[in-house]
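[1] Next input, structure requested:
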Amino acid sequence: MEQNNTSDSDEKIRAKTATNAKWGSSQIPLLSWWYRLVTPLDPPKTASLAQREKIRHARLAALTVPLFMLYLLTLLPQAISSHGLVQILLPLEGEIICVVALLLNRRGWIQLAGILLLTQDIVGLTFSLFTTPGGLTLNNLYRLDFTIVPDILALSFFSANILFLIFSITALQAWILITYTQHDQVMTYILQTNPFQVFSHIYALQLITVTVLYLWARSTELAIKRADRAEEIATFERHEKELREKELEQKRQLDVGIQQILQTHVAVANGDFTVRAPLSQDHVLWQVAKALNNLIARIQRLSSDGQKFKPYAWREDELTSNEHGQIPYRQSHQPKDH
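    As a prediction, the model looks like this:
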């Protein structure tokens with residue numbers, strides 16, 4: 001008994017651990033409300049791993065998009081100070097796209113929302129630097145560091161393998177911005193004399209970011225798969241245990257039912273026609289017991305009818321014997337008193 005209790009508790013712990021690993025903690029009321037507002041409904045317990053991963057990415061996106069909106073708001077003061085209309089409109093346009101992405105996320109179109117947001121960020125940064133008054137200078141060179149933002153966004157909507165594609169796109173974006181935007185004299189001199197100084201900084205930052213994010217995301221995905229596997233094993237073990245218990249219960253019912261039917265047979269053989277096999281309709285042997293009870297009921301009726309007609313049979317026998325001058329058969333075979 002102790003061993004069974006321990007096994008049950010182990011199964012519950014494994015199932016709880018697997019669930020926590022897949023869904024995370026959403027016990028905070030505000031966070032739960034936000035998830036209900038901008039993410040699809042939770043899948044059923046029988047949902048596949050792909051369906052559960054879709055909801056996990058939707059929840060990550062629900063947290064990442066508001067942070068990205070704050071990031072765009074931080075760009076707004078600098079855009080206003082630049083006195084460029086395009087620079088001001090780009091963050092505002094980004095905010096609108098973020099709202100659209102949240103609506104798509106709510107409808108379950110998570111990847112479409114991710115593509116929309118990534119396109120907005122990459123195209124927006126490129127267009128912003130191309131339209132910046134004075135072009136690329138040492139003062140705004142730091143803005144190329146923002147080419148790592150798509151890597152962070154991508155993980156909220158896609159699996160870890162998408163990072164290789166995003167890294168290729170952002171690396172090409174950085175090269176285009178450095179090569180084809182306008183430069184001031186200082187920037188032009190640096191690019192002519194020591195371009196490695198500029199490119200190495202940006203590419204090193206991108207490479208380190210992508211590597212760390214990929215390792216983290218990949219390990220998380222593997223952990224989720226292991227948790228899902230653990231839950232499947234726990235569910236299988238629980239199902240097997242229920243089947244064993246059901247089989248044992250059926251065997252016990254079968255043994256008890258057989259004994260009750262045998263006892264009923266013995267009672268009928270001894271002349272007791274009032275006995276019945278006491279089996280319920282949900283019993284395995286209910287059909288057998290029902291047929292037996294019907295047979296006993298018919299025998300009981302025949303026996304009762306025979307008892308009713310017995311006196312008439314005696315009288316008929318006596319009349320027949322008197323007509324032929326014979327002793328009635330039943331009387332001739334009655335034992336004599338000594």
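[2] Return the alpha-carbon coordinates of stretch 135-154 using PDB.
    This file holds the C-alpha atoms of stretch 135-154, laid out as PDB (Å, rounded to 0.1, in the frame of the first residue of the first chain):
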ATOM      1  CA  GLY A 135      23.900  60.600 -42.400                       C
ATOM      2  CA  LEU A 136      25.900  58.100 -40.400                       C
ATOM      3  CA  THR A 137      28.300  59.700 -37.800                       C
ATOM      4  CA  LEU A 138      30.100  58.600 -34.700                       C
ATOM      5  CA  ASN A 139      27.300  60.200 -32.700                       C
ATOM      6  CA  ASN A 140      24.600  57.900 -34.100                       C
ATOM      7  CA  LEU A 141      26.800  54.900 -34.900                       C
ATOM      8  CA  TYR A 142      25.500  53.300 -31.700                       C
ATOM      9  CA  ARG A 143      22.100  52.900 -33.500                       C
ATOM     10  CA  LEU A 144      23.600  50.000 -35.400                       C
ATOM     11  CA  ASP A 145      23.700  48.100 -32.100                       C
ATOM     12  CA  PHE A 146      19.900  48.000 -32.400                       C
ATOM     13  CA  THR A 147      20.300  45.400 -35.200                       C
ATOM     14  CA  ILE A 148      20.200  42.800 -32.400                       C
ATOM     15  CA  VAL A 149      16.600  43.600 -31.500                       C
ATOM     16  CA  PRO A 150      15.200  41.400 -34.300                       C
ATOM     17  CA  ASP A 151      17.000  38.400 -32.700                       C
ATOM     18  CA  ILE A 152      15.100  39.000 -29.400                       C
ATOM     19  CA  LEU A 153      11.800  39.500 -31.200                       C
ATOM     20  CA  ALA A 154      12.200  36.400 -33.300                       C
END
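[3] That one - what's its average pLDDT?
    Averaging pLDDT along stretch 135-154 gives 90.
[4] likewise stretch 204-213?
    On average, stretch 204-213 scores 94.
[5] neighbouring contacts of that stretch?
    Residues from elsewhere that reach stretch 204-213 (CB atoms under 8 Å, 6 or more residues apart in numbering): 145, 147-148, 151-152, 155, 160, 163-164, 166-167, 170-171, 174. C-betas here are computed from N, CA, C, even on glycine.
[6] tell me the mean pLDDT over stretch 74-85?
    83.
[7] Now do the helix or strand harbouring residue 256: distance to the chain's middle.
    Per DSSP states H and E, residue 256 falls inside helix 195-269. Its chain's C-alpha centre and that of helix 195-269 lie 11 Å apart, by CA atoms, centre = their mean, to the nearest Å.
[8] likewise stretch 103-122?
    23 Å.
[9] likewise stretch 79-92?
    On CA atoms, centre = their mean, the centre of stretch 79-92 falls 45 Å from the chain's centre.
[10] who's in contact with stretch 83-99?
    65-66, 68-69, 72-73, 75-76, 78-80, 116-117, 120-121, 124, 127-128, 131-133.
[11] and those, which are buried?
    65, 68-69, 72, 75-76, 79, 116-117, 120-121, 124, 128, 132 (16 or more other CB atoms under 10 Å).
[12] Output the below-cut-off pLDDT ranges for the protein.
    In the predicted model of the chain, residues 1-27, 44, 46, 305-338 satisfy pLDDT under 70.
[13] okay, now the domains of it?
    14-236, 275-328 (automatic domain parsing).
[14] Of all these, which one comes closest to residue 251?
    Closest approach to residue 251 among the domains of the chain (CB to CB): domain 275-328, 9.3 Å.
[15] before we move on, back to that, tabulate the buried ones among the contacts of stretch 83-99 (a markdown table), appending secondary structure and distance to residue 37.
    Shown next, in a markdown table, are the buried ones among the contacts of stretch 83-99 (DSSP: H, G, I helix; E, B strand; the rest coil; distance: CB to CB, whole Å):
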| residue | secondary structure | distance to residue 37 |
| --- | --- | --- |
| 65 | helix | 12 |
| 68 | helix | 17 |
| 69 | helix | 15 |
| 72 | helix | 20 |
| 75 | helix | 26 |
| 76 | helix | 25 |
| 79 | helix | 29 |
| 116 | helix | 19 |
| 117 | helix | 18 |
| 120 | helix | 22 |
| 121 | helix | 23 |
| 124 | helix | 26 |
| 128 | helix | 31 |
| 132 | coil | 37 |
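[16] Any chance of the domains of the chain in TSV with distance to residue 260 as columns?
    As requested, these are exported to TSV (distance: least, CB to CB, whole Å):
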stretch	distance to residue 260
domain 14-236	36
domain 275-328	6
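[17] related to what we said a few turns ago, let's have the buried ones among the contacts of stretch 83-99 in JSON lines, adding distance to residue 283.
    As requested, the buried ones among the contacts of stretch 83-99 are arranged in JSON lines below (distance: CB to CB, whole Å):
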{"residue": "65", "distance to residue 283": "60"}
{"residue": "68", "distance to residue 283": "64"}
{"residue": "69", "distance to residue 283": "65"}
{"residue": "72", "distance to residue 283": "70"}
{"residue": "75", "distance to residue 283": "75"}
{"residue": "76", "distance to residue 283": "76"}
{"residue": "79", "distance to residue 283": "80"}
{"residue": "116", "distance to residue 283": "62"}
{"residue": "117", "distance to residue 283": "62"}
{"residue": "120", "distance to residue 283": "68"}
{"residue": "121", "distance to residue 283": "68"}
{"residue": "124", "distance to residue 283": "73"}
{"residue": "128", "distance to residue 283": "78"}
{"residue": "132", "distance to residue 283": "85"}
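[18] Having no further points to raise, I will conclude here.
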